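Undergrad: Take a look and give me a structure for this.
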Amino acid sequence: MAKKSRPDEEAAPPDVRRQVAELDRQIAAAVGRRAELTRQAAADGGGVLERLEAKSLQDAAKLAGGLGAERIVAVFREVNAACRPSSPQCRIAYLGPEDTFSHIAAIHRFGAAADLTPVATIAAVFQEVESGAAGYGVVPMENSTDGRVSDTLECFSRSPVRICGELPLRVHHCLLGTGKRADVRRVFSKPQALSQCRNWLAQHLPQAQGQPVASTAEAAAMAAKDPAAAAIASRQAGQRLGLRLLAEDIEDQKDNITRFAIIAPRPAEKTGADKTALMFETPHEPGALADAMAVFKRKGLNLTWIESFPVPGSRGRYLFFVELVGHQAEVRVRRAVEALQKKALMLEVLGSYAHAEPIG
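TA: Residues are numbered from 1 along each chain as shown. Down below sits the predicted model:
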């Protein structure tokens with residue numbers, strides 16, 4: 001009787017297996033050494049680790065070879081994540097639970113191997129960073145369909161944390177369930193997700209009633225227990241729970257993007273392709289806002305985001321949030337801030353950060 005080969009022996013010719021095994025040993029040794037150097041950088045503080053990781057990803061994109069820049073950067077992002085020491089400085093708080101779009105954004109930014117900590121509210125993300133329990137936070141700031149995220153703007157109005165990064169994520173909603181789409185009578189999801197899919201639901205599930213819940217992940221868990229229900233959630237949430245994909249990409253606006261802010265105790269360093277966010281309040285008198293906005297024109301600064309937000313507990317008073325092209329360390333940005341300070345009752349620089357293209 002012929003000797004049966006083990007599955008691992010059939011996987012590849014012996015010489016290939018030996019070469020792969022040797023390369024794997026070299027990779028493991030290199031990652032171990034990389035982890036030692038990462039711990040040294042983290043111990044130095046002062047943003048040394050952040051600069052090291054940013055440079056690592058920039059260099060990785062240039063070393064892509066046949067793999068392509070996106071794939072090799074994803075590999076090095078996970079190397080960075082795995083090498084970070086276990087400490088509050090390297091912990092990342094995000095609006096949970098797992099498999100929400102905030103969780104997906106956190107993975108895109110920091111890697112799946114990072115110390116990702118889900119919390120229940122946006123305010124809790126800010127509290128984790130402000131208290132030092134986490135080094136970074138990931139919070140939604142605006143959506144291309146529904147506009148600003150009010151809870152995030154309110155937290156900026158009373159927290160000293162700074163924006164150190166942005167992550168525009170293309171949000172693709174899926175309809176998930178255990179039964180047939182024709183049998184769905186209830187659709188669970190977060191209010192924002194229901195809003196972003198309202199036209200699709202009206203056209204394809206007119207018999208179903210939208211029922212808001214706290215998160216898309218919670219919606220998926222509820223749909224898993226009810227054959228007459230479906231959830232609007234991420235594909236990842238459905239895969240985790242074994243739900244059927246009843247429909248995909250059901251968002252009404254196909255370029256549906258949620259922009260997430262990466263928050264930390266300090267802003268990011270200048271990269272040459274940066275943006276700066278400001279928050280200010282003007283006197284309640286004719287022309288005050290127009291005078292304030294004219295500062296940006298005089299200094300030649302392009303605005304990429306403008307929002308107004310009522311001051312909590314003060315009827316008739318508003319905070320204005322603006323984002324401009326440039327870093328707060330640049331001369332013309334500094335001069336604009338100085339000029340605006342003279343016209344504002346209150347002014348805060350919320351942070352400077354590198355411009356990022358949409359992903360996902």
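
Undergrad: any low-confidence regions in this protein?
TA: Counting by pLDDT under 70, the chain shows low-confidence ranges at 1-11, 64.

Undergrad: Doesn't residue 26 belong to a helix?
TA: Yes - read with DSSP: H, G, I helix; E, B strand; the rest coil, residue 26 is one of the residues of a helix.

Undergrad: What distance do you get for it to residue 16?
TA: Applying C-beta to C-beta, to the nearest Å, the value for residue 26 to residue 16 is 16 Å. All C-beta spots, glycine's among them, are computed from the backbone N, C-alpha and C.

Undergrad: wait, residue 12 sits on residue 20?
TA: Yes - with contact taken as C-beta atoms under 8 Å, residue 12 and residue 20 are classed as touching, separated by 7.2 Å.

Undergrad: Can you name the helix or strand that the nearest residue to residue 300 once chain neighbours are set aside falls in?
TA: The spatial neighbour of residue 300 that comes closest, neighbours along the chain excluded (C-beta to C-beta, 6 or more residues apart in numbering), is residue 332 at 6.6 Å. Element membership for residue 332 (DSSP states H and E) is helix 331-343.

Undergrad: Which other helices and strands does that helix contact?
TA: Helix 331-343 makes packing contacts with strand 274-281, helix 288-298, strand 346-354 when contacts are defined by 3 or more C-beta pairs under 8 Å, 6 or more residues apart in numbering; DSSP states H and E.

Undergrad: neighbouring contacts of stretch 304-312?
TA: Stretch 304-312 has contacts (C-beta atoms under 8 Å, 6 or more residues apart in numbering) with 142, 148, 150, 153-154, 157-158, 275, 277, 281, 317-325.

Undergrad: Assign a three-state SS to residue 175, would you?
TA: Taking three-state DSSP as the rule, one finds residue 175 in the strand state.

Undergrad: which residues in the stretch 1-150 of the chain form helices?
TA: Using DSSP state H, counting those that start in this stretch, the helices of the stretch 1-150 of the chain run over residues 7-10, 14-44, 48-62, 69-83, 101-110, 122-131, 150-156.

Undergrad: For the last one, list every residue counted as buried.
TA: Translated: helix 150-156. 152, 153, 154, 155, 156 (16 or more other C-beta atoms under 10 Å).

Undergrad: Output the contacting helices and strands for whichever helix or strand comes after that helix.
TA: Towards the C-terminus, the helix or strand next in line after helix 150-156, according to DSSP H and E, is strand 162-170. For strand 162-170, the elements it packs on are helix 101-110, strand 136-143, strand 257-264, strand 346-354, judged by 3+ C-beta pairs under 8 Å, 6+ apart.

Undergrad: Recalculate using a threshold of 7 Å.
TA: The helices and strands touching strand 162-170, judged by 3 or more C-beta pairs under 7 Å, 6 or more residues apart in numbering; DSSP states H and E, are helix 101-110, strand 257-264, strand 346-354.

Undergrad: List just the nearest of the buried residues of helix 150-156 to residue 203.
TA: Closest approach to residue 203 among the buried residues of helix 150-156 (C-beta to C-beta): residue 152, at 31.2 Å.

Undergrad: how many neighbours does residue 121 have?
TA: For residue 121, the neighbour count with other C-beta atoms under 10 Å is 14.

Undergrad: phi, psi of it?
TA: Geometry field for residue 121 lists phi and psi as phi -140, psi 160, criterion degrees, to the nearest 10.

Undergrad: try residue 202
TA: Backbone torsions for residue 202, taken as degrees, to the nearest 10, come to phi -60, psi -30.

Undergrad: List the contacts of it.
TA: With contacts defined as C-beta atoms under 7 Å, 6 or more residues apart in numbering, residue 202 has no neighbours.

Undergrad: Equivalent analysis for residue 325, please.
TA: Residues in contact with residue 325 (C-beta under 7 Å, 6+ apart) are 275, 301, 302, 304.

Undergrad: Can you give the strand pairings for the host helix or strand of the last one, parallel or anti for each?
TA: Yep, that's residue 304 we're talking about. Under the criterion of DSSP H and E, residue 304 resides in strand 303-310. Strand partners for strand 303-310, identified by DSSP bridges, are recorded as strand 318-325 (antiparallel).

Undergrad: Dump the C-alpha coordinates for the strand it pairs with into CSV.
TA: Taking C-alpha atoms only, strand 318-325 is exported to CSV below (Å, rounded to 0.1, in the frame of the first residue of the first chain):
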residue,chain,number,x,y,z
TYR,A,318,-23.4,79.6,18.7
LEU,A,319,-20.0,78.0,18.3
PHE,A,320,-18.5,77.9,14.8
PHE,A,321,-16.3,75.0,13.6
VAL,A,322,-14.1,75.6,10.6
GLU,A,323,-11.4,73.5,8.9
LEU,A,324,-8.7,75.1,6.7
VAL,A,325,-5.9,73.9,4.5
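
Undergrad: what about the closest residue to residue 319 other than its chain neighbours, distance to residue 74?
TA: When the adjacent residues along the chain are set aside, residue 319 lies closest to residue 309, with 4.8 Å between them (C-beta to C-beta, 6+ apart). Applying C-beta to C-beta, one obtains 36 Å for the distance of residue 309 from residue 74.

Undergrad: Fine, thanks again, bye for now.
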